[in-house]
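Chemist: mind folding the following:
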Amino acid sequence: TREIPAMSTQVQLTSAKALSSGIHPLEPLTEQEVARAVAILKEQGKVTPTTRFVSVSLKEPPKESVHTATDWPLTREAFVVLFDNASNSCYEAALSLTDGRLLTYRHVPGAQPTMTIDEQVECEQAVLQSADFKAALKKHYGLNDTSLVMVDIWSAGNYGSEEDRTKRLARPLCFLRSDPTDNGYVRPIEGLRPVVDLNTMRVIRVEEYGHWPLPPGQGNYAAARVTNQRRDVKPIDITQPEGPSFEVQGYQVRWQNWNFVIGFNAREGLTLHHVRYNDHGNERSVLYRASLTEMVVPYGDPGPTQRRKNAFDVGEYGMGMCANSLELGCDCLGLIKYFDAHLCTSRGEALSIKNAICMHEEDFGILWKHTDRRLPDAPEVRRSRRLVISSVSTVENYEYGFFWYLYQDGNIQFEVKLTGILSLGAVQPGEKPKYGNLVAPQLYAPNHQHFFNVRLDFDLDGMPNT
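Modeler: Model (predicted):
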């Protein structure tokens, strides 16, 4: 497995608009453009010490201009979501990056935008430093030290109370490691649920629902700790001595008559744009935009600690903000082209996720085969190949792998692969869980579901979809 050197994939095609040598209007913001958007808002006085940048992303131009332009437009705009902790207020802004103007700025009453990565880290520290949480931990488990406690931020939801409407709340789940590198999910602190005001970043109370002993087992899946790994699997080496069959310019891609643009933003993560197919020289529009727009994960255990677990993983956590850097692991096999994602922290500082997107080709078995019994020495076979554009996001315990496949026969497929670790709960010794499955002594996985909502904006031979 190796990454394609950058120079080998920067293809200049001056004769084809399909793979423009300039930036496509739907390519994601560059690192410089994100910084420019932050600077404009600061210059306009829209940023205070209590302002958080929730997201800075491309404000996509009208699709009519993308379809009809004789040359790609030079105007670039940004869409920014802000949140002010002091006033518990959400704002949306549109900016012209081309001439540095603030186009629109509006307050969104009653809205709570995505929790930022910074808030996840700060929330954990607030719980670990809370005197109330330390007291509850000592009361239930006799522990004075919180250094081995894991705190996973969970949205509190809105259940109609005044507190829900006037505060930015989190209701974290807590776990206990046996050492700093342990998998803490095997020891849920079942009976304690801190409630954190993210505006003040302090624990406003610790809800206590009873005492459950910590499960006694171990469950660390790190390679260095797993002794019974398979030893009978030989390496697979995928080679492409003549290089890949795709061509790349920026975030524009051409492969097997397909032309498209790769996008990325803090909320949705990986997106596909302006997908077209070259039909004997006639570039035909197929799919204008494709993305995962939301994912809801309701849990089906009415127990006091579990019943408010109901996550909107896209809107509340951000698939893009939770994206992995695929550099360290062998997340793709073959000749790989990586794409970086350029975001920002909640304080407006640059945050780039290196290798957030992976693209490669895969052999996909037989596409067509026929053997004429009258011509036994001349069987015909065509191998199938597909292009894979993928990204992986970690939302605390879960990993979600997002895979877009383009095929030679014109098919487009989207697959989501769920991996990582279950969000677990504790049961009493000898108890059989009623609303989940026992996975180890005193440890169970609550029943839950994952609903993935995908937006597909088709433009079949153009906007009328004819």
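Chemist: surely L29 and L58 touch.
Modeler: Yes: using C-beta atoms under 8 Å, L29 is in contact with L58, at 5.2 Å. Any C-beta I mention is one placed from the backbone N, CA and C, and that applies to glycine too.
Chemist: need the overlap of contacts for the two.
Modeler: Residues touching both L29 and L58 (C-beta atoms under 8 Å, 6 or more residues apart in numbering): R76, A78.
Chemist: L95 in helix, strand or coil?
Modeler: Of the three states, L95 takes strand under DSSP: H, G, I helix; E, B strand; the rest coil.
Chemist: helices and strands of the chain: which one bottoms out on pLDDT?
Modeler: helix 6-9 (a mean of 39; mean pLDDT, DSSP states H and E).
Chemist: number of nearby residues for the residue nearest to I412 when sequence neighbours are not counted?
Modeler: Excluding its sequence neighbours, the residue lying closest to I412 (C-beta to C-beta, 6 or more residues apart in numbering) is L406, at 6.0 Å. By the criterion of other C-beta atoms under 10 Å, L406 has 24 neighbours.
Chemist: please apply the same query to V253.
Modeler: By other C-beta under 10 Å, the residues close to V253 number 25.
Chemist: where does the prediction get shaky in the stretch 151-300 of the chain?
Modeler: The stretch 151-300 of the chain contains no residues with pLDDT under 70.
Chemist: for it, what spans make up the helices?
Modeler: With DSSP state H, counting those that start in this stretch, the ranges of helices along the stretch 151-300 of the chain come out as 162-166.
Chemist: bridging residues for the residue nearest to I412?
Modeler: Beta-bridge partners recorded for L406 (DSSP bridges): L387, I412.
Chemist: my guess is it meets Q256, correct?
Modeler: Yes: the pair L406 and Q256 qualifies as a contact (C-beta under 8 Å) at a distance of 7.4 Å.
Chemist: between those two, what contacts are shared?
Modeler: By C-beta under 8 Å, 6+ apart, the residues touching both L406 and Q256 are L387.
Chemist: gap between stretch 312-323 and the chain center?
Modeler: Counting by C-alpha atoms, centre = their mean, to the nearest Å, stretch 312-323 is centred 5 Å from the centre of its parent chain.
Chemist: buried stuff in it?
Modeler: For stretch 312-323, a neighbour-count test (16 or more other C-beta atoms under 10 Å) marks F312, D313, V314, G315, E316, Y317, G318, M319, G320, M321, C322, A323 as buried.
Chemist: for it, how far is the first residue from the last?
Modeler: Using C-alpha to C-alpha, to the nearest Å, one end of stretch 312-323 lies 16 Å from the other.
Chemist: who's in contact with that stretch?
Modeler: Taking C-beta under 8 Å, 6+ apart as the rule, stretch 312-323 contacts 55, 114-117, 155, 264-270, 292-297, 311, 341, 343, 353, 356, 391-395, 398, 400, 402.
Chemist: apply 6 Å and report the result again.
Modeler: The list of residues contacting stretch 312-323 from outside it, by C-beta atoms under 6 Å, 6 or more residues apart in numbering, reads 114, 117, 155, 264-269, 294-296, 353, 356, 391, 393-395.
Chemist: and those, which are buried?
Modeler: Buried members of those, counted by 16+ other C-beta under 10 Å: 114, 117, 155, 264-269, 294-296, 353, 356, 391, 393, 395.
Chemist: nearest residue to the middle of the chain?
Modeler: Taking C-alpha atoms, centre = their mean, the centroid of the chain lies closest to M319, which sits 2.3 Å from it.
Chemist: please name the nearest non-neighbouring residue to that one.
Modeler: G269 (3.4 Å).
Chemist: kindly report the same for V47.
Modeler: Nearest to V47 is L41, by C-beta to C-beta, 6+ apart, at 5.3 Å.
Chemist: which helix or which strand is home to that neighbour?
Modeler: In this structure, L41 is located in helix 31-43 according to DSSP states H and E.
Chemist: now swap in L82 and tell me
Modeler: For L82, the host element (DSSP H and E) is strand 77-84.
Chemist: got the buried residues for that strand?
Modeler: Those would be E77, A78, F79, V80, V81, L82, F83, D84, for strand 77-84 by 16+ other C-beta under 10 Å.
Chemist: hang on, the earlier thing: identify the farthest-apart pair in the buried residues of stretch 312-323.
Modeler: The most widely separated members of these are F312 and A323, with 17.1 Å between them, by C-beta to C-beta.
Chemist: end to end, how far does stretch 294-310 reach?
Modeler: This stretch, stretch 294-310, spans 13 Å end to end (C-alpha to C-alpha).
Chemist: residues in contact with it: which ones?
Modeler: Stretch 294-310 is contacted from outside by 157, 190, 193, 209, 311-315, 425, 435, 446-453, using C-beta under 6 Å, 6+ apart.
Chemist: of those residues, buried ones?
Modeler: E190, R193, A311, F312, D313, V314, G315, G425, Y435, P446, H448, F452.
Chemist: hmm, back to that, okay, the buried residues of stretch 312-323 in a markdown table with secondary structure next?
Modeler: Shown next, in a markdown table, are those (three-state DSSP):
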| residue | secondary structure |
| --- | --- |
| F312 | strand |
| D313 | helix |
| V314 | helix |
| G315 | helix |
| E316 | helix |
| Y317 | helix |
| G318 | coil |
| M319 | coil |
| G320 | coil |
| M321 | coil |
| C322 | coil |
| A323 | strand |
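Chemist: what distance do you get for P235 to V195?
Modeler: According to C-beta to C-beta, to the nearest Å, P235 stands 50 Å off from V195.
Chemist: between the two, who's got more neighbours?
Modeler: The neighbour count for P235 versus V195, taken as other C-beta under 10 Å, is higher for V195 (17 against 4).
Chemist: okay, and the beta partners of the more buried one?
Modeler: R205.
Chemist: 740 is where my numbering starts, stick with that
Modeler: OK, 740 is where the count begins now, so the last one is V934.
Chemist: which residues touch it?
Modeler: The contact partners of V934, by C-beta under 6 Å, 6+ apart, come to R910, I943, R944.
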